[in-house]
Structures are given as C-alpha cells and as structure tokens.
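Trainee: this is a predicted model, with the sequence first.
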Protein chains: 4
Amino acid sequence: MMQDYHYETELEVRDYECDIQGIVNNAVYQNYLEYCRHKFLNQTGFSFAQLHDEGIDAVVIRAELDYKYPLSPGDVFLARLKMVKKGQLRIIFEQQIVRKSDKKLIINARITTVLTRNGRPVSPEVLEEKFKKAGIVIEEE
Amino acid sequence: MMQDYHYETELEVRDYECDIQGIVNNAVYQNYLEYCRHKFLNQTGFSFAQLHDEGIDAVVIRAELDYKYPLSPGDVFLARLKMVKKGQLRIIFEQQIVRKSDKKLIINARITTVLTRNGRPVSPEVLEEKFKKAGIVIEEE
Amino acid sequence: MMQDYHYETELEVRDYECDIQGIVNNAVYQNYLEYCRHKFLNQTGFSFAQLHDEGIDAVVIRAELDYKYPLSPGDVFLARLKMVKKGQLRIIFEQQIVRKSDKKLIINARITTVLTRNGRPVSPEVLEEKFKKAGIVIEEE
Amino acid sequence: MMQDYHYETELEVRDYECDIQGIVNNAVYQNYLEYCRHKFLNQTGFSFAQLHDEGIDAVVIRAELDYKYPLSPGDVFLARLKMVKKGQLRIIFEQQIVRKSDKKLIINARITTVLTRNGRPVSPEVLEEKFKKAGIVIEEE
C-alpha cells in the first residue's frame, strides 16, 4: 500500500467506461490516472491547457500498470499519487487506485514523465519552485 | 431554461475529454447525458448492468442535441434531466447542461428511449411503479 | 435510403467501443460520424488541425441521430454523408451508417454546423470554392 | 525493432482520439493495442464477445508501454504483435506501433495476460490448440 501520497481524489465508475466484460476497460484506467495527475497539478497552480499554449508539455515516456482487480459499474474509488524525481529530467508518478468501500487495491501504476519545451526535454526546475511554495517536497528515487 | 427537473448532478470536465480544438469533444456530451440518466435511475433503484442481466435494456432511439456553448478544461457543470412520457412506449429525457459558475447554458438535449425485453419493446409500466414509490410523477407530453 | 452521397468510408466496430449491453455505445456513433466528416473534408483538402491553427473551427450546433439498429463487435459498416447548404451560414451533413454485409440501416443523422473564425460565425464561402474545385456542388436545402 | 511478429494490422489516427496537445492521447494507444490483439485472435477463430458469453475472459494483469514518439491527426500506422508464453498461465503480447510512412517507432509495449474461467485463472491450453491449427507456434519466453 502507498504510505504517504501527495494527492488523492475520489471518482466513480461510469457505465459507458465499462466494456462487454461488464467491467471498466483497461485503457480507461489511464484516463483515471491522468485525471488524478492533472487535478493534482491544477491544485498546485498548473494548467495543462495553459502550459501547452506556452509551448510546455508534460510528456509520458513510460507507463507501467499492474491490474489487480477490476472496477465495476457504480464503484466509487480513490486515485492517489506520489511524485518522485529520478535523475535530472524525469518525474515519476507512483499511482494507485483503491475501491473506496473496502480499500481493495485495484491498480498500481508507475508513470514516468518528462517536461518538454517546444518538443525538447527541459529540467522540471520551474515546476519544483511552485511545488515548494505549495509545501510539496519531491524526493529523489 | 429548464424549470422543474427531476434530477441534477455535478460534473467536471477532464482534460482527456477535450480535443484538438481545446474544448470538450461533441461526442463526450452524450457520455455526460447518459451518466446523468443512469445516475438518476440508479438513485431510483435501477441498475443498467442488473437490468441487462435480466434481459431488459433501455434503448435510445433518437437523440437531439443543441450545442449552445462549449465546455473547457476544468469547467464544473450541472447536468439536469426531466422525464416525460410520450404515447404507450416512449420515455423522453429532456436534458440540459449548464456551467456551474454562471449558469451559462451549454447544451439542450432531448433523448427518446424505449424499454426492451429480449430485444422487443415493452411498456415502461414496471419502471413507473418504482418511480411512483420514489415520489416521481412522469407527466405525459 | 440516402440516394446520392458525397462520400462513403468503411469502418469496423472495435470491441472497446461496445458497452455492457454488448453493442456499440450511443456516443460512439458521433465519433464515427465525425470521422466520416473529417475524412471527407481531408480528401477535399481540409485539415481540422490545420484550420484550428489558423483560427478557423467547424462547429457543430445541432445533432439529430435516429438509432435504427445497433452495431455489434466485429461488424463492418459504411458511413456516408451528403452536404447541404442552409441559409448563409449553415452547412448540414446528412449522414447515414449501414452495415456492410446486408446494407441494414444502423443510424440516420443530421449534423448542423457553422464555420467560425476566432469564435465568430463566418460564411463558408472559402470552403465552397475548394469544394467546387473538387467537383462537389453543395445544394441548398 | 520487432523481427518476427505473428500479426500486423493497419490503422489511422482519428481526430477525436487527439487531445489538447494536438496528438493522440496516451490512453488511446491501449485501445489500439487491444484492437490489434482482438483482431489477431478473431482471425485465429476467437471472439471476445463469444468467449465472454462462455464465462471465459482474457484478462490483462500488467501493461508496460514505452512511448517513443507521438502520433498526429491523419497518421497511418501499423500495430504488430508477437505472442510469447511465460510459465503455465501467462501469455505475453509483445506489441509495437510504427508509423507507416517512415517506419518510425511510436510505441513499444508488453502486455501480460491470463485466461480466466468464471473469474479463476485457467491454462491457455485450449487456445494453444487453436493456434497450432492456425500454424502459430507460441514460444516460451
């Protein structure tokens, strides 16, 4: 279990997110995880739409997802994340989804991102300053 | 404006629901509207997943959507509905989406549905009984 | 049946487009219809991504969809469209989806659009010129 | 580069699959990869919808995706896969997406699956028999 996370948000499965098997389609979890990351960044003062207009994009370069148990229609769940720095350029989001009612682990994920300006990798220093102001310390992995 | 609705739920635009134009993609509003209908029906004691297992499906036969103003990333909005009966078989959902902050009208929709059992239209009487118990009176159009 | 259409493209249902009911989710048809319109416009020399960069967006202001019969996993189908001009500003796409194997009508749709430049409606004259060059005459409704 | 793959299918980016950044959203690649796997299995005589009705589901337990380069609106691409067996229960799909025009590598993925019958893992022997008939030999990893 994730011990100390930086952010947690509550969501609910929507019927159209489920497929023929009657459970949430695998790809949809990436939507949930992205929502959690963007929501977290928004609350720290970032907007993906605004950053994109300034030529800055946060780019996922690797995603690892361990599917533990499927979500079903109507399930309420918690998406959590912890940010970790790796080397000079990579920021890793350790993410987790748990069912709210019984804290059953649904998915464990590790999303590796880099920041780019006009397509080229840049140091996430600008973000770190903002995070510091928001009281968030990003540990090295 | 919709005067007296049967149900209202609050939602928020997610970044992945927006397309190249930077606004919510047209198809996604049908997801929002479906979510609002199912959520309403769930609260009245219906589950689409469960009904489907019993051979009963609620089928949309016509959708009319008037797009008034687009939703943008991060927008919080209200989805509302009012149910109306038309003839013996049709249940119409008059639906509306408004931006929460200023009540700006985003979309007006009219979704016509029929209930089917094993693929054949059936009277929505069973549902009406449940609605009555929940204190919801379905007017004729 | 649509007699003389301007464009037709072949598509195939993908499993993830189907929901718990085992058939294509209602919202997905709007994706299919949009794909058909954009594909048609691309072949006439338009690109939505490029137009958007120039401040020009094609905006759907009304969608009417008559769901006749559902598509199932693996179904191959044809999406067709006919463009009609209405008044000075509106371009209407009459669209149809039919199953390829037996030409069964799946959906009839009527999508009303306007062209905007920086958010304000503009005459579709620029487009019409291009259409003329491509040998496409847009009739008045 | 993937040397010898069991299956390859051609696809094209659809505008609605792209997000605010103007490129295909990360989650959508999982849709592409799933489509490729199902299409492959269909051609070998399997149907996910049919298997599900028999109580058999193919379940993804782990997904690893390396995003190398983004797809843009209109891009035509090839999705390829190679099946590998690991231990008694796991079937791994090594997958790759390359842009058709210049064979640029877009994504490398490794999708680990198990077969379940009524929710419990079962040996993929039944599938292997069918694969053998189709001339496909599944190597051990």
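Mentor: Yep, it's here. Numbering: from 1, shown residues only, chains lettered A, B, ... in the order given.
Trainee: so how far is chain B from A:F131?
Mentor: Noted for A:F131: a distance of 19 Å to chain B, by C-beta to the nearest C-beta, to the nearest Å. From N, CA and C alone the C-beta is placed, and that goes for glycine too.
Trainee: is it correct that that residue falls within a strand?
Mentor: No - A:F131 is assigned helix when assessed by DSSP: H, G, I helix; E, B strand; the rest coil, not a strand.
Trainee: what residues are up against it?
Mentor: A:F131 makes contacts with A:44, A:83, A:137-138, as judged by C-beta atoms under 8 Å, 6 or more residues apart in numbering or on different chains.
Trainee: quick one: contacts of the helix or strand hosting A:I97?
Mentor: For A:I97, the host element (DSSP states H and E) is strand A:90-99. Taking C-beta under 8 Å, 6+ apart as the criterion, the residues outside strand A:90-99 that touch it are A:1-2, A:5, A:29, A:32-33, A:36-37, A:61, A:69, A:71, A:75-86, A:104-115, A:124, A:127, A:138, A:141.
Trainee: pull out the buried members of the residues you listed.
Mentor: A:5, A:29, A:32-33, A:36-37, A:61, A:71, A:75, A:77-85, A:106-109, A:111-115, A:124, A:127, A:138 (16 or more other C-beta atoms under 10 Å in any protein chain shown).
Trainee: compute the first-to-last residue distance for stretch A:19-27.
Mentor: Between the opening and closing residues of stretch A:19-27 lies a distance of 11 Å (C-alpha to C-alpha, to the nearest Å).
Trainee: does that stretch reach chain D?
Mentor: Yes - contact between stretch A:19-27 and chain D is present through A:20-21, A:25-27 (criterion: C-beta under 8 Å from any C-beta of the partner chain).
Trainee: contacts for that stretch, please.
Mentor: Contact partners of stretch A:19-27, identified using C-beta under 8 Å, 6+ apart, comprise A:13, A:17-18, A:65, A:67, A:70-73, B:49, C:15-16, C:18-20, C:22, C:73, D:27-28, D:30-31, D:34, D:48-49, D:52, D:57, D:60, D:63.
Trainee: and what about the residue of chain A positioned farthest from its centre, helix, strand or coil?
Mentor: Distance from the C-alpha centroid of chain A peaks at A:I20, with 26.2 Å (C-alpha atoms, centre = their mean). Taking three-state DSSP as the rule, one finds A:I20 in the coil state.
Trainee: what pLDDT is listed against it?
Mentor: In the prediction, the pLDDT value recorded for A:I20 is 90.
Trainee: equivalent analysis for A:Q3, please.
Mentor: The score at A:Q3 is 69. That number is its pLDDT.
Trainee: also A:Y16?
Mentor: The predicted local confidence for A:Y16 comes out at a pLDDT of 96.
Trainee: tell me the secondary structure at it.
Mentor: What three-state DSSP gives for A:Y16 is helix.
Trainee: shouldn't it be in contact with B:E34?
Mentor: Yes - if you go by C-beta atoms under 8 Å, A:Y16 and B:E34 touch, sitting 5.7 Å apart.
Trainee: and stretch A:36-55, end to end?
Mentor: First-to-last residue span, stretch A:36-55, C-alpha to C-alpha: 22 Å.
Trainee: give me the contacts around that stretch.
Mentor: Contacts of stretch A:36-55 with the rest of the structure, by C-beta under 8 Å, 6+ apart, involve A:6-7, A:9, A:57-58, A:79-81, A:93, A:95, A:111, A:117-118, A:127, A:130-131, A:134, A:136, B:14-15, B:18, B:22, B:72-74, D:20-21.
Trainee: mind redoing it with 6 Å?
Mentor: Outside stretch A:36-55, the residues within contact range by C-beta atoms under 6 Å, 6 or more residues apart in numbering or on different chains are A:7, A:9, A:79, A:81, A:93, A:117-118, A:130, A:134, B:15, B:73, D:20-21.
Trainee: so what's the residue count around A:R90?
Mentor: Neighbouring residues of A:R90 were enumerated by other C-beta atoms under 10 Å in any protein chain shown; the total is 17.
Trainee: no no, A:A134
Mentor: For A:A134, the neighbour count with other C-beta under 10 Å is 11.
Trainee: so for the closest residue to it other than its chain neighbours, what's the pLDDT?
Mentor: Here the nearest residue to A:A134 in space, its sequence neighbours aside, is A:T44; by C-beta to C-beta, 6 or more residues apart in numbering or on different chains that works out to 4.6 Å. pLDDT for A:T44: 84.
Trainee: also A:V137?
Mentor: Among the per-residue scores, A:V137 holds a pLDDT of 79.
Trainee: give me the phi and psi angles of it.
Mentor: With angles defined as degrees, to the nearest 10, A:V137 shows backbone torsions of phi -100, psi 120.
Trainee: assign the residue nearest the centre of chain A to helix, strand or coil.
Mentor: To find the centre residue of chain A, average its C-alpha atoms and take the closest one (C-alpha atoms, centre = their mean): that gives A:R37, at 3.4 Å. Secondary structure assignment for A:R37 (three-state DSSP): helix.
Trainee: what distance do you get for it to chain D?
Mentor: Looking at A:R37 against chain D, where the rule is C-beta to the nearest C-beta, the gap reads 11 Å.
Trainee: equivalent analysis for A:Y5, please.
Mentor: A:Y5 sits 21 Å away from chain D when distances are taken as C-beta to the nearest C-beta.
Trainee: what's the helix or strand for that residue?
Mentor: Assigned by DSSP H and E, A:Y5 belongs to no helix or strand.
Trainee: I figured it hits A:M83, correct?
Mentor: No - with contacts counted by C-beta atoms under 6 Å, A:Y5 stays clear of A:M83, the gap being 9.3 Å.
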